[in-house]
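>>> Just the structure for this:
(one chain, ligands or ions: 1)
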Amino acid sequence: MPTNLASPHVARVSGLTRSYGAGASQVTALAGVDLALNRGDFTAIMGPSGSGKSTLMHIMAGLDAATDGRVWLGEYDITNFDDADLTLLRRRRVGFVFQSFNLLPTLDVRGNVLLPFELDGRKPTESERQWIDTLFDSLGLRDRLTHRPHELSGGQQQRVAIARALATRPEVVFADEPTGNLDSRTGREVLRLLADAAATHGQSIAMVTHDPVAASFADRVVFLADGKVVRDEPRRTPEQLSAIMLAMETEAAA
Ligand SMILES: Nc1ncnc2c1ncn2[C@@H]1O[C@H](COP(=O)(O)OP(=O)(O)OP(=O)(O)O)[C@@H](O)[C@H]1O
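Numbering: from 1, shown residues only. Here you go, the predicted model:
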C-alpha cells in the first residue's frame, strides 16, 4: 500500500468525479472535486440540494467508489481498494453519525457504544475504556447506560451515536445532517459536542449540512454547487453563511 505518513490531511480527493447511470439518463453528481480535510478540523460541507454533498462524503468515507480521480483516507490511497479492504479500513479508521442515528434497537446504550469494538473482534484497551467513560460523562449518558434506544429521546440517541463514533478515536468522523431530526436546542447541543471533540481532543470531523446554523459551528465551511467546490471559507456566522448561500442561488438563477 502506498503510504504518506507525513500527510497533514485526514482525507483527500483529487479530480474526483462520480456519475450515476449511463447514456441520456446519466447524472454527474461530482464533476472534478479537489478537497483535503485538515487533521483536527471540524469541516462543514454545505450546498444546495443535489449539489453532491452526500456523494462526496460517502466517497471520502470509503462507502462509495469514484468514477474518476483519486481518494486518500489518512495515509492510504483507497481509490482501488476492494470492498473487504474498505470495510476493514472504515471499521478501524472512520466513525459515522447519521441523521437517523442508526442505533441497534436490541442493544442498550453501552452495547451500542461498544459495537465498533465487537465488530472488530476485540475488547477496548484500558485507555480506551477510560476514554469511553469520559464520553459517557461528558455526553450526559451515565445514567442511561442500560437503556435501549426506544427509551431515549432523539437528542439522547444522537449523543449515543456520537459516543459510538468517537469511542475508537477514529482518524475522522463523518456526520451526515446529524441534527436533521432534532429540535433546534437539542441540535445546538449536539453541534457543541462535535465542535468540542475537535477543539479539545483534536478529533477530525466532516459534516454535511444545508443548515447555516449547524455549519457556523465548524472551523471551515466548504461549499458545493453542481458537483464542484465553489467556495472554501473559515469559520463564519450563520448570517454570513446564509448570505453566501443566497448569493450562490442568485448566481445559479442568473
Ligand atoms: N444512487 C444514485 N443514483 C442516481 N443518481 C444519484 C444517486 N445518488 C445521488 N444521485 C444524484 O447525484 C446528485 C447529487 O446527489 P447528492 O445526494 O450527493 O446531493 P446532496 O447535495 O447531498 O443533496 P441533498 O442535500 O438533497 O441530500 C443528485 O442529482 C442526485 O439525484
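>>> Residues of the stretch 151-254 of the chain that sit close to the ligand?
Contact residues, the stretch 151-254 of the chain versus the ligand (Cβ under 6 Å from any ligand atom): His210. Heads up, the C-betas are built off the backbone N, CA and C, glycines and all.
>>> Oh, that last question was meant for the stretch 1-150 of the chain, not what I typed.
Going by Cβ under 6 Å from any ligand atom, the residues of the stretch 1-150 of the chain near the ligand are Tyr20, Gly21, Val27, Ala29, Gly47, Ser49, Gly50, Ser51, Gly52, Lys53, Ser54, Thr55.
>>> Leaving out sequence neighbours, find the closest residue to the residue positioned nearest the centre of the chain.
Nearest to the mean C-alpha position of the chain, counting by Cα atoms, centre = their mean, stands Phe174 at 1.4 Å. Distances taken as Cβ to Cβ, 6 or more residues apart in numbering place Ala61 nearest to Phe174, at 4.6 Å, with adjacent residues excluded.
>>> That neighbour: what's it in contact with?
For Ala61, the contact set (Cβ atoms under 8 Å, 6 or more residues apart in numbering) comprises Ala11, Leu73, Arg90, Val94, Phe96, Val172, Phe174.
>>> Repeat that for Glu249.
So Glu249 contacts Pro48 (Cβ under 8 Å, 6+ apart).
>>> and it, what element?
helix 238-253 (DSSP states H and E).
>>> pLDDT (mean, whole number) over that helix?
Across helix 238-253, the average pLDDT comes to 90.
>>> now do stretch 87-107
Stretch 87-107 carries an average pLDDT of 92.
>>> again, but for stretch 20-38
In the prediction, stretch 20-38 has an average pLDDT of 95.
>>> Could you do stretch 127-137 as well?
93.
>>> Just the CA atoms of that stretch, as PDB, please.
Output of stretch 127-137 as PDB, limited to C-alpha atoms (Å, rounded to 0.1, in the frame of the first residue of the first chain):
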ATOM      1  CA  SER A 127      -7.100   3.600  27.900                       C
ATOM      2  CA  GLU A 128     -10.000   3.200  25.500                       C
ATOM      3  CA  ARG A 129     -12.100   2.100  28.500                       C
ATOM      4  CA  GLN A 130     -11.200   5.300  30.300                       C
ATOM      5  CA  TRP A 131     -12.000   7.400  27.200                       C
ATOM      6  CA  ILE A 132     -15.400   5.700  26.800                       C
ATOM      7  CA  ASP A 133     -16.100   6.500  30.500                       C
ATOM      8  CA  THR A 134     -15.200  10.200  29.800                       C
ATOM      9  CA  LEU A 135     -17.500  10.200  26.800                       C
ATOM     10  CA  PHE A 136     -20.400   8.700  28.900                       C
ATOM     11  CA  ASP A 137     -19.900  11.500  31.400                       C
END
